[in-house]
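**Student:** Sequence first, predicted coordinates after that:
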Amino acid sequence: MIRAVVLVALVLANFVLQTTLFPELAILGVTPDTALVLIVSYAILRREIEGALFGMFVGFVQDAGSGMFIGIFALLGFVTGYICGKPFKTFFKENYFLPFVVVVFASLAHQFALYTFTILFTGQIEFWHYARTIILPKTVYTASLSIPLYWLLHFINVRVERHERRFRSWLGKAEEDD
């Protein structure tokens with residue numbers, strides 16, 4: 001229960017920041033995609049199933065606030081969470097460089113997928129202009145925030161896991177007392 005409350009609070013705080021503060025911090029007209037960093041980080045920490053579900057939830061929140069095509073961010077979040085969580089079974093979670101690298105590749109793939117959906121629905125085909133002005137700057141900006149955000153999410157995850165272990169042990173002792 002505590003994990004769900006914490007995740008909802010993180011997603012809502014991220015959504016508020018992305019819609020209010022980050023447009024003011026735009027560099028060359030590009031804002032960071034901190035939602036993607038949250039999805040990748042959570043998938044690395046909690047594996048593919050939880051990463052996919054979290055990514056879909058984050059995507060639904062983005063879809064609700066974007067006014068674009070409903071379901072695209074949810075689908076991309078689901079796929080990103082699943083793929084980024086799949087290979088990290090024995091990953092040393094205190095390694096902050098690997099999430100940085102994964103965020104770079106995930107951001108490139110995410111932006112390319114958004115470009116592809118844009119082509120399908122609007123017919124705009126200027127890929128090199130889009131890559132130069134949106135994909136690459138957004139990837140650099142997003143990746144630059146990946147290490148501090150991963151650190152924050154790792155810190156929160158450790159605290160939540162500690163709380164869950166205490167709660168499970170408390171429940172276990174309560175069941176033994178009966």
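**Tutor:** Happy to help now that I have it.
**Student:** Model confidence score at the residue minimising distance to the centre of the chain, please.
**Tutor:** Nearest to the mean C-alpha position of the chain, by CA atoms, centre = their mean, lies Ile39 at 2.0 Å. Reported pLDDT at Ile39 in the predicted model: 96.
**Student:** what sits up against stretch 77-88?
**Tutor:** For stretch 77-88, the surrounding residues in contact (CB atoms under 8 Å, 6 or more residues apart in numbering) are 35-36, 39-40, 42-44, 46-60, 62, 102, 106, 109-110. In this view, the C-beta of every residue, glycine as well, is placed from N, C-alpha and C.
**Student:** Show me which helix runs longest in the protein.
**Tutor:** Identified as the longest helix of the chain according to DSSP state H is helix 136-177.
**Student:** related to what we said a few turns ago, only the buried members of the contacts of stretch 77-88: can you turn that into a PyMOL selection?
**Tutor:** Of the contacts of stretch 77-88, the buried ones can be selected in PyMOL as follows, counting by 16 or more other CB atoms under 10 Å:
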select buried, resi 35+36+39+40+42+43+44+46+47+48+50+51+52+53+54+55+56+57+58+59+60+62+102+106+109+110
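**Student:** circling back: so the residue nearest to the centre of the chain is in which element?
**Tutor:** Using DSSP states H and E, the element containing Ile39 is helix 34-66.
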